[in-house]
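Peer 1: Generate coordinates for the sequence data below:
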Amino acid sequence: MAEREAKYFKALYFDLCVKDLEKYYSAANPRGAYRKIQGYLQQRQFTHEQYSGYHSQYKTTDLDIFDLMYEMNKEFPWIGRCLNHFEVTNVGANHDLMQLFGEPLQEPKKL
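Peer 2: Residues are numbered from 1 along each chain as shown. Got it, this is the predicted structure:
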C-alpha cells in the first residue's frame, strides 16, 4: 500500500529578471507580471505576504504545488524564461507576535 504524502501549509518565493520580463512579457510594463502572478495565486487561495512571497491558506502536498506550477506555466508561458529563482517550503504554525510590540517589555532583573 502506498503511503499518502503529508499535507502542509506551503510558502512560495520567487524572483523574476526584469530584463527578461521586458523581452518576454512586456517592454512597456514588465512589472505588471508581478500583478498577474499575484492575481493567479490569490485566486487559488494563497495570500501575498511580502515582495514575491505567498502562503497557502490550506494544507497541501508537494505534488499539488508541482501541478499548480505546471498550470501556472501554461497560463503564463513567459514565466519560465523570466525566473531567477522559485522555491517552495513547508510552513509550520504561524504565531502573530504583534502584541509583543504594543506594550513595553520589562527589563530582565540583574543577578
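Peer 1: For the rest of this, base every contact and every neighbour count on C-alpha atoms.
Peer 2: Fine.
Peer 1: So what does residue 74 have for phi and psi?
Peer 2: phi -70, psi -40 (degrees, to the nearest 10).
Peer 1: the strands in the protein, which residues?
Peer 2: Using DSSP state E, the strands of the chain run over residues 9-16, 46-50, 53-56, 83-91.
Peer 1: Which stretch among the ones you listed approaches residue 97 most closely?
Peer 2: strand 46-50 (15.4 Å; C-alpha to C-alpha).
Peer 1: Residue 56: how many residues sit nearby?
Peer 2: Residues lying near residue 56 (other C-alpha atoms under 10 Å) number 21.
Peer 1: Point out the most buried one among the strands of the chain.
Peer 2: Highest mean neighbour count among those (mean count of other C-alpha atoms under 10 Å): strand 53-56, with a mean of 20.
Peer 1: mean confidence score for that strand?
Peer 2: Averaging pLDDT along strand 53-56 gives 96.
Peer 1: got the CA coordinates for it in PDB?
Peer 2: What follows is strand 53-56, C-alpha atoms only, in PDB (Å, rounded to 0.1, in the frame of the first residue of the first chain):
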ATOM      1  CA  GLY A  53       6.300  35.600  -1.200                       C
ATOM      2  CA  TYR A  54       3.000  33.800  -0.900                       C
ATOM      3  CA  HIS A  55       1.500  31.400   1.700                       C
ATOM      4  CA  SER A  56      -1.200  28.800   1.100                       C
END
